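K.L.:
Using only what follows, build the 3D model:
(one chain, ligands or ions: 2)
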Amino acid sequence: MSQRTLVLVKPDGVARGLTGQILARIEAKGYTLTRLELMTPTREILEQHYEEHRGKPFFEPLVQFMLSGPVVAAVAEGDRVIEGFRSLAGATEPTTAAPGTIRGDLGRDWGEKVQKNLVHGSDSPESAEREIGIWFA
Ligand code: RTP
Ligand code: MG
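P.N.:
Ligands and ions are numbered 1, 2, ... in the order given. Have a look, this model is predicted:
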């Protein structure tokens, strides 16, 4: 069944010039990009986006990291794209994410408080609709 998901190229991905490669992988897998925008998020958007992590020790460093530069927000569509994109992205921790994935091939640890792991992808249909509404209000 066709789904949509919110993809973010996080500030590390944009700053390192990896946006094109990351979007190319999404397209190469056969998904369609239906929204695409370079943006500088506000704290308000990020606090809504990361609501489930509020109160965790990495919450504030995560928000600071996400405020550190522009991000690319996109909506990708296709059958099972939510699972499909998370599979493409790889595990949260880039040092050990599987080779072949975006995080595994292009990311690593940089000795900082927060995982700079290049991308975000929604984790359920409910999250996808909620997040798309936040970023593409
Ligand atoms: P995402 O939501 O960004 O797609 O990543 P995820 O599901 O793999 O990871 P999640 O657990 O939802 O965490 C959201 C983001 O917070 C940062 N994080 N840092 N202990 C840490 O340093 C830590 N834990 C999480 C990462 O940027 C992660 O993607
Ligand atoms: Mg998550």
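K.L.:
Need the three-state assignment for the residue sitting nearest the centre point of the chain.
P.N.:
Residue closest to the average C-alpha location in the chain (C-alpha atoms, centre = their mean): residue 120, at 1.6 Å. Using DSSP: H, G, I helix; E, B strand; the rest coil, the structure places residue 120 in strand.
K.L.:
what does residue 5 give?
P.N.:
Classification of residue 5 into helix, strand or coil gives strand, according to three-state DSSP.
K.L.:
before we move on, what about residue 111?
P.N.:
Here residue 111 is coil, with the state taken from three-state DSSP.
K.L.:
Just the pLDDT at it, thanks.
P.N.:
The predicted local distance difference test score for residue 111 is 94.
K.L.:
for stretch 125-137, which positions count as buried?
P.N.:
For stretch 125-137, the neighbour count (16 or more other C-beta atoms under 10 Å) marks 127, 128, 131, 132, 134, 135 as buried. Using the backbone N, CA and C atoms, a C-beta is placed for each residue, glycine as well.
K.L.:
Now it: average pLDDT?
P.N.:
Here the mean pLDDT over stretch 125-137 is 98, rounded to a whole number.
K.L.:
cool, stretch 67-80 as well?
P.N.:
Stretch 67-80 carries an average pLDDT of 98.
K.L.:
Name the residues of this structure found near ligand 1, please.
P.N.:
With the criterion set to C-beta under 6 Å from any ligand atom, the chain comes near ligand 1 through 58, 62, 92, 114, 115, 117, 120, 121, 123.
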